[in-house]
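**Student:** Structure here, sequence nowhere to be found:
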C-alpha cells in the first residue's frame, strides 16, 4: 500500500495531521466530497417524491447505494437495508419497534457502547423487560458458557457489539447467535466498529439485526444502516411515520408501505451522500 498516495485522498492531512480517531469517526476522502458536490450541481432533487428527470436520477442513485450496501454485507435483498442517521438510531428502531411482552428478557454485555446498553435499560423501564448482562474476563474476552447461562427461554433478544470500541476485542457473534437461536431468541449486532474493519456476512453469522454507520467508514455524517432479516420486517414498527412511509391513508386510518420505505419517514439525508458512501466508502 502506498501510504503517501492514500493520504492525498484526504486534504486535511496535507497540513501534517496524523489522525487516529477513526473509532469515533473516520475522515472523508475527496472522492466522497466530489460525489456529494455532483449531486448538488447535477441532480439536486428529492428522492422517491417526483417523476421529473432530476428526481428520478436522484432516486436511482439512492437505491443503487442501497443495493451496494446489501451486497457489501451479503444481505438477501436490498429491502432488508434501512437507511438511518447512525447506529444509535438503528438500535433504537429495534428497541422501540418490536412488540414486547412484560417479562421478556434482553441479554447484553458489559462492554457495550452506551447506544447498545442504555437503550435496553430504558426499554426495560418502558416495556417491563428484564436485562441480563454478561461480563468478560480481565482481558475483555468472553466465555461462551456465560452466554449459555444467561440466555434462556424467556430471552427475546441478545444485543452484542461485534467489536469493542474501547478494548478492540472481537466478540464471537456467530457462536452467540447460535446460542440465541437455540432458545428462540433474536440477535442484534452493533456493528459500528466491526463492519468497517472486518468482513461482515449477515447470512454467515446468522444475525437478525445489524446496525452500523457510514461516518466510521469513509462516508459522510448522518448516514447509518439497519439491516433487518427479511422475515422480521413486518414485526418491527417504524420509529417515525409520515411522508414516504404510507401506502394508503384515509379518514379512518392508514396502511404502511413495504420495507424499506415504511421505515424512512420524511425526506432522507440523501444530500450528504448515501450515493457518495456507496461510490467511495467501504461498501463499494
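**Tutor:** Received, thanks. A quick note: this is a predicted structure, and the numbers were derived from the prediction, not measured.
**Student:** Low-confidence regions, the stretch 151-284 of the chain specifically.
**Tutor:** Across the stretch 151-284 of the chain, the ranges flagged by pLDDT under 70 are 270-284.
**Student:** please redo it, this time with the cut-off set to 90
**Tutor:** Counting by pLDDT under 90, the stretch 151-284 of the chain has low-confidence residues at 165-169, 239-258, 261, 265-284.
**Student:** residue ranges for the helices of it, please.
**Tutor:** 173-182, 194-197, 202-205, 274-280 (DSSP state H, counting those that start in this stretch).
**Student:** Which one of those helices lies nearest to residue 52?
**Tutor:** helix 274-280 (18.2 Å; Cβ to Cβ). To be clear about C-beta, it is placed using only N, CA and C from the backbone, and glycine gets the same treatment.
**Student:** okay, now residue 227: neighbour count?
**Tutor:** By other Cβ atoms under 10 Å, the residues close to residue 227 number 26.
**Student:** Which residues does the nearest residue to it once chain neighbours are set aside form beta bridges with?
**Tutor:** Nearest non-adjacent residue to residue 227, counting by Cβ to Cβ, 6 or more residues apart in numbering: residue 210, 4.0 Å away. Beta-bridge partners recorded for residue 210 (DSSP bridges): residue 189, residue 227.
**Student:** Isn't residue 210 up against residue 203?
**Tutor:** No: Residue 210 is not in contact with residue 203 according to Cβ atoms under 8 Å; the separation is 11.0 Å.
**Student:** Show me which of the two is the more surrounded one.
**Tutor:** Neighbours were counted for residue 210 and for residue 203 using other Cβ under 10 Å; residue 210 has more, 28 against 11.
**Student:** Could you report the separation of that one from residue 232?
**Tutor:** Here the criterion is Cβ to Cβ, to the nearest Å. By it, residue 210 lies 12 Å from residue 232.
**Student:** cool, residue 26 as well?
**Tutor:** With Cβ to Cβ as the criterion, residue 26 and residue 232 are 30 Å apart.
**Student:** Tell me which of those two has more neighbours.
**Tutor:** Taking neighbours as other Cβ under 10 Å, residue 26 and residue 232 compare with residue 26 leading, 20 against 16.
**Student:** Check the burial of residue 58 by counting its neighbours.
**Tutor:** Other residues within reach of residue 58, judged by other Cβ under 10 Å, total 23.
**Student:** And for residue 96?
**Tutor:** Using other Cβ under 10 Å, residue 96 has 17 neighbouring residues.
**Student:** which residues touch the spatially closest residue to it that is not a sequence neighbour?
**Tutor:** Nearest residue to residue 96, sequence neighbours excluded (Cβ to Cβ, 6+ apart): residue 239, at 5.8 Å. By Cβ atoms under 8 Å, 6 or more residues apart in numbering, the contact set of residue 239 is 89, 92, 93, 96, 97, 263, 265.
**Student:** Filter those down to just the buried residues.
**Tutor:** Among the contacts of residue 239, those buried by neighbour count (16 or more other Cβ atoms under 10 Å) are 89, 92, 93, 96, 97, 263, 265.
**Student:** Need the residue closest to the centroid of this structure.
**Tutor:** residue 211 (2.5 Å; Cα atoms, centre = their mean).
**Student:** just checking, that one touches residue 225?
**Tutor:** Yes: Residue 211 lies in contact with residue 225 (Cβ under 8 Å); the separation is 7.1 Å.
**Student:** who touches both of the two?
**Tutor:** By Cβ under 8 Å, 6+ apart, residue 211 and residue 225 have these common neighbours: 84, 90.
**Student:** separation between the residue nearest to residue 96 and residue 78?
**Tutor:** Residue 239 is 20 Å from residue 78, by Cβ to Cβ.
**Student:** Over to residue 55?
**Tutor:** Separation of residue 55 from residue 78 (Cβ to Cβ): 19 Å.
**Student:** same question, residue 203
**Tutor:** Distance, residue 203 to residue 78, by Cβ to Cβ: 14 Å.
**Student:** number of nearby residues for residue 161?
**Tutor:** Residue 161: 28 neighbours (other Cβ under 10 Å).
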